[in-house]
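S.K.: Output the structure for:
(one chain, ligands or ions: 1)
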Amino acid sequence: MRRRAIIQMIVIGVLAGIVTGGVAYFVPWLPDAASTQAGLIDEVYWFVAIVCVVIFALVAGVALYAGWKFRAPDDDMDDGSPIHGHTGLEIWWTAIPTALVVAMAVFSGINLSRAEALPSDARVVEVTAQQFAWSFQYPEADKTSGDLVLEVDVPVKINLHANDVIHSFWVPEFRMKQDAVPGIVTTTAITPTKVGEYDVICTELCGLGHSVMRAKAIVLSAEDYAAWEKEGEGGGAGQGGGTGTGGKADGKAVFDSAGCAGCHTLSAAGSTAEVGPDLDTILVGADEPFVRESIIDPNAEIAEGYQPNVMPGDYEQRLSDEELDALVQFLLDSVGSS
Ligand code: CUA
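M.R.: Now for the predicted structure:
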């Protein structure tokens, strides 16, 4: 009888485990996988999830079975019989979870080191996190941008810097997640496999604007990436060319690199974000002092419907005087004010 009950419980538990595990497996729980690292991370995820689902189903199956099969009759007022330990059982329920947890740790460790392995000539992107914007610097192309621009199938080493508090870099489709910590440089690796646009998300609570601290990860084909690398070179430091619209070009570069596009819509900069006020409308008729004050002291006047303390208040320190002048002029020119 006892043996039969144990066998019944185990059979029910295993069946429940297979059914729930099977259902879980065929539901698309995870975002698209768009990097070579994603497959490795997903392997670990599924290994851990399946172990957990099977164990949960076994425990829940045994508990439900015992509640149904061994329930005391209504007129049974006796205490349960005292039970002493069962050494054999205790050895097994210690050994099996230990083996499973060690297996998870070893499997994760191996896959993480495989995911982070990069060729020594991997392209480098310097990523800077600050309340509440990302900026991306490309030493090879001598460019800075408010978006993470990558070339498909090219491994990239991401160096993470934080200017103020701890942030965390994550693109769900790439799976790799890493903290950006003030004072040290942390790294992660990405080899994008699909052309497309993804979200860069901050996943460490970093202040009032944490939930809006986003940027775009744009994966381009080799040709488009080469074109992007060349784009805007004339206005940059590298090439001597065109100085005609120097002031305006610089202002737009500051707009991009300071992360303005992460929060504000401005058609002149091609940005469509809706976190902060729409600059195309709010700056119409604005004068130079107002624009300048709104950048260096964002709380001085809060647009209706928006919260104070979301926009960083340190642009005066972060931008040089020339950068600030260029940015103010660019904004005024963009909306036709003066
Ligand atoms: Cu930066 Cu949350």
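S.K.: So which bits of this structure are right by the ligand?
M.R.: Counting by C-beta under 6 Å from any ligand atom, the chain comes close to the ligand at 129, 132, 167, 202, 204-206, 210, 213. (C-beta placed from N, C-alpha, C; glycine too.)
S.K.: Which members of the residues you listed occur in strands, if any?
M.R.: In strands, judged by DSSP state E, the following of these are found: 129, 167, 202.
S.K.: filter those to the buried ones?
M.R.: 129, 167, 202 (16 or more other C-beta atoms under 10 Å).
S.K.: Skipping adjacent residues, who's closest to the first one in space?
M.R.: For residue 129, ignoring the flanking residues on the chain, the nearest one in space by C-beta to C-beta, 6 or more residues apart in numbering is residue 167 at 3.7 Å.
S.K.: if we can go back for a sec, can you pick out the most distant pair from the residues of the chain next to the ligand?
M.R.: Greatest spatial distance among the residues of the chain next to the ligand (C-beta to C-beta): 129 and 205, at 12.9 Å.
S.K.: So what's the residue count around residue 307?
M.R.: Other residues within reach of residue 307, judged by other C-beta atoms under 10 Å, total 11.
S.K.: May I have the secondary structure class of it?
M.R.: Counting by DSSP: H, G, I helix; E, B strand; the rest coil, the backbone at residue 307 sits in coil.
S.K.: Give me the distance between stretch 47-63 and the centre of its chain.
M.R.: 29 Å (C-alpha atoms, centre = their mean, to the nearest Å).
S.K.: buried sites along it?
M.R.: By neighbour count on 16+ other C-beta under 10 Å, the buried set for stretch 47-63 is 47-48, 51, 53-54, 57-58, 61.
S.K.: likewise stretch 66-84?
M.R.: Buried, per 16+ other C-beta under 10 Å, within stretch 66-84: nothing.
S.K.: Quick one: mean pLDDT over that stretch.
M.R.: The predicted model assigns stretch 66-84 a mean pLDDT of 84.
S.K.: Keeping just the C-alphas, turn stretch 50-57 into PDB.
M.R.: What follows is stretch 50-57 as a C-alpha-only set of coordinates in PDB (Å, rounded to 0.1, in the frame of the first residue of the first chain):
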ATOM      1  CA  ILE A  50      12.900  23.400 -16.400                       C
ATOM      2  CA  VAL A  51      14.600  22.300 -13.200                       C
ATOM      3  CA  CYS A  52      12.400  24.600 -11.200                       C
ATOM      4  CA  VAL A  53       9.200  23.600 -13.000                       C
ATOM      5  CA  VAL A  54       9.900  19.900 -12.500                       C
ATOM      6  CA  ILE A  55      10.700  20.300  -8.800                       C
ATOM      7  CA  PHE A  56       7.700  22.500  -8.200                       C
ATOM      8  CA  ALA A  57       5.400  20.100 -10.000                       C
END
